[in-house]
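coordinates only, sequence not included:
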Ligand SMILES: [Zn+2]
């Protein structure tokens, strides 16, 4: 069994001071398994596996940039009452803190999946940023640096499949009666993800341009398909690039004949648009799929991944 799973023997102990506590006790016989997920992709995976047998709450509301997440009292209460929490430890420090007051089983993707190590260049960029300002998010950024890992694993369909099967195991442990349902849904999810993976591999196999310039450093997991991603900002969209960094990206765009600077949905497009204008190339959206925004309402993980694939094949002449 995974060592990050906490023993359930002490689960469902009430969080002192919450009035919902007595309610939860009184209808405990009919209570369904409650899952909280730090942000959209984790919630999507959970919903696919949970089906009708468990309820899933996403802590990042639509349109909210999950790196900057702050919790409302209702969200803190949801974490306190959860049976299972899906997170990436260090990605959303506010969620980590709230979980210290909860008996939920924690399934942290950085414990169960082989996440990419952050390379030296990114760490350096983070250090510079730390000296630069004492903004409200500097503590969160610091926590993300200390993670030392790239959290954006959901852009790799194979890792999503692995996490789906981890979620099925966790739900089965909490709710053994529905174990077969969880396993069946995780297998269905895996099949859809294998299909997506082969679409990516086929479409990106013969790209004329191999380098992609993106807004923040979210896309390294797509490098397994033969592309190289260069980011304007660091691992978190709130990290500011240096003037030197922008100048070398402009040089790269000219040298490699790059056609497009990518913007994203939840973060400001200003820097991408400026870089594109200065180098005389176009812009297009590449979605890090960290959340659903007004513009992407009605889309889900799979449609957004396929939109990204279309945008990449167009920009890179694949
Ligand atoms: Zn990100």
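Yes, it's here. All values reported here derive from a predicted model rather than from experimental measurement.

which parts of stretch 91-102 are buried?
91-96, 98-99, 102 (16 or more other Cβ atoms under 10 Å). Yep, even glycine has a C-beta here, placed from its N, CA and C like the rest.

what of stretch 100-116?
Neighbour-count burial for stretch 100-116 [16+ other Cβ under 10 Å]: 102-113, 115-116.

in these, find the pair that's most separated.
Using Cβ to Cβ, these span at most 31.2 Å, a distance reached by 103 and 116.

residue boundaries of the helices in this protein?
20-26, 40-50, 73-81, 93-99, 109-112, 120-132, 138-147, 157-174, 179-203, 243-256, 270-279, 301-315 (DSSP state H).

of the ones you listed, which is nearest residue 232?
Residue 232 lies closest to helix 270-279 among these, at 5.1 Å (Cβ to Cβ).

what is the orientation angle of the closest one with helix 243-256?
Using axes from the mean of the first three to the mean of the last three Cα atoms, to 10 degrees, one finds that helix 270-279 and helix 243-256 are set 50 degrees apart in direction.

which other helices and strands does helix 270-279 contact?
Here helix 270-279 touches helix 243-256, strand 260-263, strand 282-285, going by 3 or more Cβ pairs under 8 Å, 6 or more residues apart in numbering; DSSP states H and E.

lowest-confidence helix or strand of the protein?
Least confident helix or strand, the chain: helix 120-132 with a mean of 40, by mean pLDDT, DSSP states H and E.

give the rounded mean pLDDT of stretch 176-192.
The average pLDDT within stretch 176-192 is 98.

in that stretch, which residues are buried?
Quick answer for stretch 176-192 (16+ other Cβ under 10 Å): 178-179, 181-183, 185-186, 189-190, 192.

which pair in the buried residues of stretch 91-102 spans the largest distance?
Longest span within these, Cβ to Cβ: 91 and 102, 17.0 Å.

go ahead and confirm residue 86 touches residue 46.
Yes. Here residue 86 reaches residue 46: they are 5.7 Å apart, a contact under Cβ atoms under 8 Å.

those two: who's more crowded?
Remark: of residue 86 and residue 46, residue 86 carries more neighbours, 29 against 25, as counted by other Cβ atoms under 10 Å.

just give me the neighbour total for the closest residue to residue 290 other than its chain neighbours.
For residue 290, ignoring the flanking residues on the chain, the nearest one in space by Cβ to Cβ, 6 or more residues apart in numbering is residue 66 at 5.0 Å. By the measure other Cβ under 10 Å, the count of residues near residue 66 is 24.

could I get the buried residues of stretch 100-116 as CSV with pLDDT and distance to residue 223?
Listed next are the buried residues of stretch 100-116 as CSV, based on pLDDT from 0 to 100; distance: Cβ to Cβ, whole Å:
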residue, pLDDT, distance to residue 223
102, 94, 36
103, 95, 39
104, 97, 34
105, 98, 32
106, 97, 29
107, 97, 26
108, 96, 23
109, 96, 19
110, 94, 19
111, 94, 23
112, 95, 21
113, 97, 16
115, 95, 14
116, 94, 9
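
deepest-packed of the helices of the chain, please.
Stretch with highest mean neighbour count among these: helix 40-50 (a mean of 25; mean count of other Cβ atoms under 10 Å).

quick check: angle from that one to helix 179-203?
130 degrees.

now helix 40-50: mean pLDDT?
In this model, helix 40-50 has a mean pLDDT of 97.

what's the answer for stretch 240-252, then?
The pLDDT scores in stretch 240-252 average 90.

now swap in stretch 199-209 and tell me
Regarding stretch 199-209, the rounded mean pLDDT is 97.

end to end on that stretch, go ahead and measure it.
18 Å (Cα to Cα, to the nearest Å).

off-centre distance for it?
The chain centroid and the centroid of stretch 199-209 are separated by 24 Å under Cα atoms, centre = their mean, to the nearest Å.

next: stretch 252-263.
Mean C-alpha position of stretch 252-263 versus that of the full chain (Cα atoms, centre = their mean) differs by 26 Å.

what does it rub up against?
Residues outside stretch 252-263 that contact it (Cβ atoms under 8 Å, 6 or more residues apart in numbering): 209-215, 230, 232, 269, 272-273, 275-276, 279, 281-286, 311, 314-317.

thinking again about what came up before, which one of the buried residues of stretch 100-116 sits closest to residue 291?
Nearest to residue 291 among the buried residues of stretch 100-116 is residue 109, at 16.3 Å by Cβ to Cβ.
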